[in-house]
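Student: Structure of the sequence below:
(2 chains)
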Amino acid sequence: MVDLQNLRPKELVWYLVIWFAFGISSVSAHPITVVPCWQVTFPAAAGGKAAESIAVPVEGQAMLVAIVANGADASRPRLLLGNQPVATKVLGHDPVSRLEFLLIDDASQHSPLPWLREAGKYANASLTAQTSAGPVSCRSTGWIKQVGGKVLPLALLRVSFDRPVPPPGTPLLTNEGSVVGILFQEAGAGNTAYAIPAEAVHRVQQDISKGGALVRGWLGLSLRADVRAPQVVRVLPDSPAAAAGTLPGDVLTSIGNRKITEYADAANAFFYLIPGSPVRVKLLRGSQPLEFTLTPTRAAGK
Amino acid sequence: MKPSIEQIGNLLALKRDERPEEGYWGDFLCEFHHRQRAKVVAKSGFSAMASQFSEWLGTLGSSKWAYGAGIAYAALTIGFILAPRDVVLENPSSSPVNYQVVPAPSPPVGQLNQLDLSPSTQGDVGEQIF
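Tutor: Okay, here's the model as predicted:
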């Protein structure tokens, strides 16, 4: 123990410095972020069941994003702020990512958190889940591209908790307080969960803000889901891929800034294609690396 | 002085009176055999054989060295023959098998069009157009 009564001035200075540094590190590790707790409930759809989600303010319009679980009616949300009902309107719902964007009438209630553009840097990092009961420590442990024999339409983050998993929609924050993603659902094993990364939220928000629905980009490339290699099986005629000169047998290596090593990577990269926005596609034809610039078109029926 | 016939007769009569009582010799013989058996039992097993052997060697004189060397050589030979050696296992000759182990077919990988991770959901298999 420290004998404070007989402490020499030099020692006292050192103790003060150490305690000050400890205090600073504690505060920086857990920033005090005052987040109003938005909650939204969705009634059961026909044959389905009701669902609840945390709603997270997003940057831009007075808008919240929430998760609509399968079987819930996304068209009739009931929004609460601290158990008080708040008027809201559905701006759009994306059935692929199950993200729903809600508009709130009173813009003064909208206090958005800063969002990261991409979560990749924090795929393996200590994070904080901002729950209604306060911050909860958790850790992201990599990407999930496939569950069982099912390839996901977009890669999710796997998150581990040392306590029960918070509800869907709960934002995951960096130590600096930026949103990395939002919880999607429990993984079903231990205290682990899947989370939708920030870039997916941005991608869907961009289209829903414009037209109320996600519009997928289309290149006209055919790949087999049961073949692990990201190899083009067929190039559809009159497609952007055909116009650029892509051939069957080409192996994709990157789409945009996303590296492709297997089919699931390609499926994830295709989710982020934006119609009309050119994208650099790198591939291997035999052993020869090639690079094309393709401009996705609007996917039919999507 | 030469004894007289009368003296000899008296002496014989006295000796007849000194004869052990009847059954004495039978008991003596039994006791003798009993003690012999007890002695043999006390020198049982290896010690009896060793003592017999040493007694036998003692009776051999100078030739005991030749016998001893022969016995030692025989003992070494027997020990060498009976000493355990490394066991060499020979692989059994392989014979062709008439059947093949066919791995269980893995479930086909499918593409989910929506984030629905419920176990009952099935993905689209085969070609996917992007």
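Student: can we go C-alpha only for contacts and neighbour counts from here?
Tutor: Fine.
Student: what's the domain layout of chain A?
Tutor: In terms of domains, chain A is parsed into A:38-109, A:120-211, A:217-298 (source: automatic domain parsing).
Student: do chain B as well
Tutor: Under the assignment automatic domain parsing, the domains of chain B span B:1-42, B:45-82.
Student: Where does the closest residue to residue A:272 other than its chain neighbours sit: helix, strand or coil?
Tutor: Computed as C-alpha to C-alpha, 6 or more residues apart in numbering or on different chains, the closest residue to residue A:272 that is not its neighbour in sequence is residue A:203, at 6.6 Å. Of the three states, residue A:203 takes helix under DSSP: H, G, I helix; E, B strand; the rest coil.
Student: For the stretch 1-150 of chain A, just list every one of the helices.
Tutor: A:9-29 (DSSP state H, counting those that start in this stretch).
Student: Also chain B?
Tutor: B:5-18, B:24-42, B:45-58, B:64-82 (DSSP state H).
Student: So which of the ones you listed is nearest chain A?
Tutor: Closest approach to chain A among the helices of chain B (C-alpha to the nearest C-alpha): helix B:64-82, 63.4 Å.
Student: Other residues contacting that closest one?
Tutor: With C-alpha atoms under 8 Å, 6 or more residues apart in numbering or on different chains as the contact definition, helix B:64-82 has outside contacts at B:57-58.
Student: Mind listing what's buried along stretch A:47-61?
Tutor: A:50-59 (16 or more other C-alpha atoms under 10 Å in any protein chain shown).
Student: quick one: which of those is nearest to chain B?
Tutor: Taking those together and measuring to chain B by C-alpha to the nearest C-alpha, the closest member is residue A:51, at 14.0 Å.
Student: interface residues of the stretch 1-150 of chain A facing chain B?
Tutor: Proximity of the stretch 1-150 of chain A to chain B (C-alpha under 8 Å from any C-alpha of the partner chain) is limited to residues A:70, A:95-98, A:147, A:149-150.
Student: let's see it at 6 Å
Tutor: Residues of the stretch 1-150 of chain A found near chain B (C-alpha under 6 Å from any C-alpha of the partner chain) are A:96-97, A:149-150.
Student: so the residue lying closest to residue A:172 once chain neighbours are set aside bridges to which residues?
Tutor: Nearest non-adjacent residue to residue A:172, counting by C-alpha to C-alpha, 6+ apart: residue A:129, 4.5 Å away. In this structure, residue A:129 bridges to residue A:136, residue A:172 when assessed by DSSP bridges.
Student: Contacts only, for whatever residue of the stretch 51-200 of chain A ends up closest to chain B.
Tutor: Across the stretch 51-200 of chain A, the shortest distance to chain B (C-alpha to the nearest C-alpha) belongs to residue A:96, at 4.0 Å. The contact partners of residue A:96, by C-alpha atoms under 6 Å, 6 or more residues apart in numbering or on different chains, come to B:114-115.
Student: gap between it and residue B:95?
Tutor: Per C-alpha to C-alpha, to the nearest Å, residue A:96 is found 57 Å from residue B:95.
Student: Show the end-to-end separation of stretch B:79-91, please.
Tutor: End-to-end distance for stretch B:79-91: 30 Å, by C-alpha to C-alpha.
Student: still on that earlier bit, please convert the domains of chain A to CSV, extending it with distance to residue B:8 and mean pLDDT.
Tutor: Shown next, in CSV, are the domains of chain A (distance: least, C-alpha to C-alpha, whole Å; pLDDT from 0 to 100):
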stretch, distance to residue B:8, mean pLDDT
domain A:38-109, 145, 90
domain A:120-211, 127, 93
domain A:217-298, 136, 94
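Student: Turn those into CSV, including distance to residue B:99.
Tutor: Listed next are the domains of chain A as CSV, based on distance: least, C-alpha to C-alpha, whole Å:
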stretch, distance to residue B:99
domain A:38-109, 47
domain A:120-211, 30
domain A:217-298, 28
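Student: Can you tell me which of those domains is nearest to residue B:22?
Tutor: Smallest distance to residue B:22 across the domains of chain A (C-alpha to C-alpha): 106.2 Å, for domain A:120-211.
Student: pLDDT of stretch B:123-130, averaged?
Tutor: What stretch B:123-130 shows for mean pLDDT is 89.
Student: Please apply the same query to stretch B:12-19.
Tutor: 85.
Student: Any residues of chain B in contact with chain A? List them.
Tutor: Contact residues (C-alpha under 6 Å from any C-alpha) of chain B with chain A: B:109-115, B:123, B:126-130.
Student: Looking at those, which are in strands?
Tutor: B:110-111, B:127-129 (DSSP state E).
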